[in-house]
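Chemist: Quick one: sequence and predicted model below, then my questions.
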Amino acid sequence: MTTTTPWAPAAAAALADALDHAVRERGVPGGVLVLGDTRAGPAADRSVAARGAVAPECGPAAPDEHTRYDLASLTKITATWALTGRAIAAGLLDLDTPLGERFPELPVPGALLTVRGLLSHSAGLQPETRLDRYLHLDRPLAELLCAERLVATPGSEHRYINRGFVLLGLLLEAAHRQPLDRLADEMWRETGMYETEFGPVQRSPTVAPTEQRLRGAPRTWGIPHDPNAALLNGVAGHAGVFSTAADLAVFAEHLLTGDDPWLAASLHPQIASDPGRSRGLAWLVTDTGVAYHHGYTGTSLFLSPATGRYVVLLTNAVYHGFSSSRLTPLRDLALAELAGPRT
């Protein structure tokens, strides 16, 4: 069990205690928290707390800020959302131009959708990802996704799904004529993130395993937990990235100190989701101004642009199977602490 100098003593202690409770009482093998305050510039004030172990397979050692975790849907933020902003700035994509105008090969109804609709989870695409249905079809995946009927009028309702970000990943590849993992690698290195990559990654005690899907079968370890990302060889717009708490801290600090117009535009509410929060472009945004996103495996990133603070949470909470409640108290506390005044 390790804890370094706090970011804000009372808040840091409460969050570390909540992580400890998740490990002792809720079946989370272990995890890492980074609490950051960017008032004095990148990396000026970080508090790191680690609890538990990486996993039983990895021995008793606690994780640290350099332990790699499967980010799951935080891929949507760290890869696809960030790359989409760059592509829009370069004129390769546009938020509101129908996709078919830039990619004429796409069939309707998908050709009529927009990047804004995909990012805000309001495009009306099929809710189930189910890429296995297309395994033996001789047609590009982007065309297959766009050919499917819509389940709602675009822009009429918020429905969190993976298909829109799978499609965005494919469109980024088409726009740049480069693989998604290569585009992401270049961006991450420019940002100073040297421990982040798409899977699969080599198994080691510094890589956190996730779930054992079948009794007697090998545990998922070093390959994406998401089965649809795995079908795409680990490289997809919705899941597949592995990273560390240290790298996500760098990412958060880059966003909060870079005067990034893409972040500012993305935090404008696009469509209501749950009470007290809206979906921006990829991010969920609360009425208190906190932006955040979760990953299915037990990961989260929270930003408070108004105060320059952030919270990184990486765990392999799905190790014993998925439970939506394992991290709920910790995540709720992170939102509450960021929504309040600095302490």
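Modeler: On my side now, so go ahead.

Chemist: And the helix or strand hosting residue 336, what does it pack against?
Modeler: Assigned by DSSP states H and E, residue 336 belongs to helix 328-339. For helix 328-339, the contact count by 3 or more CB pairs under 8 Å, 6 or more residues apart in numbering; DSSP states H and E identifies helix 9-25, strand 291-295, strand 299-304, strand 309-315 as packing neighbours. In this view, the C-beta of every residue, glycine as well, is placed from N, C-alpha and C.

Chemist: Please compute how far the second one lies from its chain's middle.
Modeler: What that stands for is strand 291-295. Strand 291-295 sits 6 Å away from the centroid of its parent chain (CA atoms, centre = their mean, to the nearest Å).

Chemist: can you pull up the bridge partners for the closest residue to residue 77 other than its chain neighbours?
Modeler: Excluding its sequence neighbours, the residue lying closest to residue 77 (CB to CB, 6 or more residues apart in numbering) is residue 293, at 4.9 Å. For residue 293, the beta-bridge partners are residue 301 (DSSP bridges).

Chemist: In contact with residue 131, which residues are there?
Modeler: Residues in contact with residue 131, defined by CB atoms under 8 Å, 6 or more residues apart in numbering, are 141, 166, 228, 231, 232.

Chemist: I meant to write residue 281 there.
Modeler: Going by CB under 8 Å, 6+ apart, residue 281 touches 81, 95, 116, 119, 120, 265, 266, 267, 268, 270.

Chemist: and the third one, that one's in a helix?
Modeler: Put plainly, it is residue 116. Yes: Residue 116: assigned to a helix according to DSSP: H, G, I helix; E, B strand; the rest coil.

Chemist: so it touches residue 94, yeah?
Modeler: No: look at residue 116 against residue 94 with CB atoms under 8 Å: they stay out of range, at 9.1 Å.

Chemist: picking that back up, so which of the helices and strands packed on helix 328-339 is the most surrounded?
Modeler: Per-stretch averages of neighbours, counted by mean count of other CB atoms under 10 Å, single out strand 309-315 among those, with a mean of 29.

Chemist: Quick one: mean pLDDT for that one?
Modeler: Over the span of strand 309-315, the pLDDT mean works out to 97.

Chemist: That one to strand 291-295, inter-axis angle?
Modeler: Angle of strand 309-315 versus strand 291-295, following axes from the mean of the first three to the mean of the last three CA atoms, to 10 degrees, is 10 degrees.

Chemist: got the CA positions of strand 309-315 in CSV?
Modeler: Extracted as CSV, the C-alpha positions of strand 309-315 are listed here (Å, rounded to 0.1, in the frame of the first residue of the first chain):
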residue,chain,number,x,y,z
ARG,A,309,-8.0,19.5,-11.4
TYR,A,310,-8.3,15.9,-12.5
VAL,A,311,-8.7,12.4,-11.3
VAL,A,312,-7.3,9.3,-12.9
LEU,A,313,-8.6,5.9,-11.8
LEU,A,314,-7.2,2.6,-13.2
THR,A,315,-8.3,-0.8,-11.9
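
Chemist: what about residue 282, neighbour count?
Modeler: For residue 282, the neighbour count with other CB atoms under 10 Å is 25.

Chemist: From residue 316, how far out is it?
Modeler: Applying CB to CB, to the nearest Å, the value for residue 282 to residue 316 is 23 Å.

Chemist: What of residue 132?
Modeler: Taking CB to CB, one finds residue 132 at 24 Å from residue 316.

Chemist: more crowded one of these two?
Modeler: The residue with more neighbours, out of residue 132 and residue 316, is residue 316; 28 against 10, by other CB under 10 Å.

Chemist: So between residue 116 and residue 94, which is more surrounded?
Modeler: Using other CB under 10 Å, the more surrounded residue of residue 116 and residue 94 is residue 116, with 18 against 15.

Chemist: Give the full set of residues in contact with the closest residue to the more buried one other than its chain neighbours.
Modeler: With sequence-adjacent residues excluded and distances taken as CB to CB, 6+ apart, residue 116 is closest to residue 95, at 4.5 Å. Taking CB under 8 Å, 6+ apart as the criterion, residue 95 is in contact with 88, 114, 115, 116, 119, 281.
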